[in-house]
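> Got a predicted model here, sequence first, then my questions.
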Amino acid sequence: MTQKLRFAIIGAGRIGYVHAGSVFDTPNTEIVYIVDTFKEAAEKVAAAFGGKVSSDPEAVIASGEIDAVIIGSPTPTHIPLINAAIKAGVHVLCEKPIDLDIKNVDSNRAAINAAKTNVTIGFNRRQDPEFKEVKKRVSAGEIGNVEQVVITSRDPGPAPQGYIAVSGGIFRDMTIHDFDMARNFIPEIVEVTAFGANAFCDYIKEEGDFDSVSVLLKGSRNEIVTIINSRHSSYGYDQRIEVFGDKGMLQIQNFTPTTVKLFNKESTAAGEPYLDFFLERYAASYRNELKLFIQGIQEGKNLGSTYDDGRAALILADAALESARTGKAVRVSF
Ligand SMILES: NC(=O)c1ccc[n+]([C@@H]2O[C@H](COP(=O)([O-])OP(=O)(O)OC[C@H]3O[C@@H](n4cnc5c(N)ncnc54)[C@H](O)[C@@H]3O)[C@@H](O)[C@H]2O)c1
């Protein structure tokens, strides 16, 4: 591609800032617009990475001035903005979850899957260098047949009550990343059992949501995935995975800023805390996600997570919620 790929970033909050930084660092791209209904947020991101400021996403999408849009605005805006973008012939990288209501996801599925432009859903963890390495080695047969996957994902602290209130609940908001990671290793999941608890946070309970959950997924070849989530972790962002097969196990541990260890009279271990949160831990994944999105645009095919990947993760989230509420295992099909 000789011409620069012209981007708009919609939503200049936490994730919008990350995406703007990724585009800024990527050759042959240009940030044309930073869009946020709260103008000061857009101005802050534009000051850091460039671009004109707008508070009107539809007008920017229809302006003819952009080739691609990154949608990092709140979840209820995702489907309307994807539809506006594909109508305008604009490529889309849209944050997860696609929507909180599977009915909306399904009623837009045919049209979005038929789009002539690239529609990629932001399941960034698949593009994390460590997860990619494990996936590559599992696919190469290094640990034989996969029998069990254990995913631990704990946030350093809970999001504010306002965020929890509109998040769609822990399964759709947080565990959704782990459902996608489970599908990365066990493509055919047939059954979901989940437990939810209110272990520590009153306002999460007030919102009718859980702060601590465990999910068991069963695959069609009798594989078992165990997902453990908490909305807090006193020692920082806890992101680990273990893939166990009949010939061995592959494991990813948490990251510290360095691997330097102190050995003295009092201790023989690294004393540094874990990386703070997703912005730091998954920085490389967001960049890789963007790289793959751009490569997909150049090659005319989606190389990243698809709309149907986003749909499948939401089906698993809904099944987990049903299971946690009823105490029964829930069969799923896609
Ligand atoms: N992939 C990941 O790791 C990851 C991490 C965080 C958030 N997310 C997802 O990204 C989305 C945004 O989350 P966040 O944490 O960045 O939220 P945020 O609240 O920090 O930022 C959202 C921004 O969008 C703006 N906004 C609201 N309505 C808008 C509209 N119609 N058009 C343009 N801008 C609008 C808000 O003013 C705000 O600045 C959510 O869907 C969330 O699930 C994904």
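All right, it came through fine. Residues are numbered from 1 along each chain as shown.

> in the protein, which helix has the most residues?
helix 307-326 (DSSP state H).

> CA atoms only: put that helix into PDB for me.
Taking C-alpha atoms only, helix 307-326 is exported to PDB below (Å, rounded to 0.1, in the frame of the first residue of the first chain):
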ATOM      1  CA  TYR A 307     -17.900 -11.100  14.100                       C
ATOM      2  CA  ASP A 308     -18.800 -14.700  14.700                       C
ATOM      3  CA  ASP A 309     -15.900 -15.000  17.200                       C
ATOM      4  CA  GLY A 310     -17.500 -12.100  19.100                       C
ATOM      5  CA  ARG A 311     -20.900 -13.800  18.800                       C
ATOM      6  CA  ALA A 312     -19.600 -17.200  20.100                       C
ATOM      7  CA  ALA A 313     -18.000 -15.600  23.200                       C
ATOM      8  CA  LEU A 314     -21.300 -13.800  24.000                       C
ATOM      9  CA  ILE A 315     -23.300 -17.000  23.700                       C
ATOM     10  CA  LEU A 316     -20.800 -18.600  26.200                       C
ATOM     11  CA  ALA A 317     -21.200 -15.600  28.500                       C
ATOM     12  CA  ASP A 318     -25.000 -15.800  28.400                       C
ATOM     13  CA  ALA A 319     -24.800 -19.600  29.100                       C
ATOM     14  CA  ALA A 320     -22.500 -18.900  32.100                       C
ATOM     15  CA  LEU A 321     -24.900 -16.400  33.500                       C
ATOM     16  CA  GLU A 322     -27.800 -18.800  33.100                       C
ATOM     17  CA  SER A 323     -25.900 -21.600  34.800                       C
ATOM     18  CA  ALA A 324     -24.700 -19.400  37.700                       C
ATOM     19  CA  ARG A 325     -28.400 -18.300  38.300                       C
ATOM     20  CA  THR A 326     -30.000 -21.700  37.900                       C
END
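
> Let me see the mean pLDDT of whichever helix or strand comes after that helix.
Counting by DSSP states H and E, the next helix or strand C-terminal to helix 307-326 is strand 330-331. Strand 330-331 shows an average pLDDT of 97 in the prediction.

> repeat for stretch 69-80
Mean predicted lDDT for stretch 69-80 stands at 96.

> List the buried residues in that stretch.
Within stretch 69-80, the residues that qualify as buried by neighbour count (16 or more other C-beta atoms under 10 Å) are 69-73, 75, 77-80. Yep, even glycine has a C-beta here, placed from its N, CA and C like the rest.

> Around the ligand, which positions in the stretch 151-300 of the chain sit nearby?
Phe278 (C-beta under 6 Å from any ligand atom).

> In the stretch 151-300 of the chain, what residue lies closest to the ligand?
In the stretch 151-300 of the chain, the residue that lies nearest the ligand is Phe278 (4.9 Å; C-beta to the nearest ligand atom).

> how deep is that residue tucked in, by neighbour count?
Residue crowding around Phe278 was assessed by other C-beta atoms under 10 Å; the count is 21.

> Count the residues that sit near the closest residue to it other than its chain neighbours.
Excluding the flanking residues, the one nearest Phe278 by C-beta to C-beta, 6 or more residues apart in numbering is Tyr237, at 7.0 Å. Neighbourhood size, Tyr237 [other C-beta under 10 Å]: 22.

> which ones are touching Tyr237?
154-156, 254, 274-278, 280-281 (C-beta atoms under 8 Å, 6 or more residues apart in numbering).

> what does Ser63 give?
With C-beta under 8 Å, 6+ apart, Ser63 has these contacts: Tyr33.

> cool, and Leu321?
169, 171-172, 194.

> Mind checking which of those land in helices?
Those of the contacts of Leu321 lying in helices (DSSP H): 171-172.

> The helix or strand containing Val243 - what's its average pLDDT?
Following DSSP H and E, one finds Val243 within strand 238-245. For strand 238-245, the mean pLDDT works out to 97.

> again, but for stretch 204-213
Mean pLDDT, stretch 204-213: 98.

> hmm, back to that, the inter-axis angle of whichever helix or strand comes after the strand holding Val243 versus strand 238-245?
Sequence order places strand 248-252 as the next helix or strand after strand 238-245, per DSSP H and E. Taking axes from the mean of the first three to the mean of the last three C-alpha atoms, to 10 degrees, one finds that strand 248-252 is oriented at 170 degrees with respect to strand 238-245.

> residues making contact with the helix or strand following strand 248-252?
Sequence order places helix 278-281 as the next helix or strand after strand 248-252, per DSSP H and E. Applying C-beta under 8 Å, 6+ apart, the external contacts of helix 278-281 come out as 14, 18, 237, 239, 255, 275.

> quick one: the helices in this protein?
Using DSSP H, helices in the chain cover 14-24, 39-49, 57-61, 78-87, 102-107, 109-113, 129-139, 161-166, 170-173, 175-185, 202-206, 278-281, 283-299, 307-326.

> Check what contacts the fourth one and list those residues.
Taking C-beta under 8 Å, 6+ apart as the criterion, the residues outside helix 78-87 that touch it are 10, 57-58, 61-62, 69, 71, 73, 91-92, 94-95, 97-99, 104-105, 108, 111-112, 115-117, 119.

> ok, which of these also contact the ligand?
The residues of these that also fall near the ligand, by C-beta under 6 Å from any ligand atom, are 10, 57, 73, 95.

> What about the first one, how many residues nearby?
So the one you mean is Ile10. Other residues near Ile10 number 30, with proximity taken as other C-beta under 10 Å.
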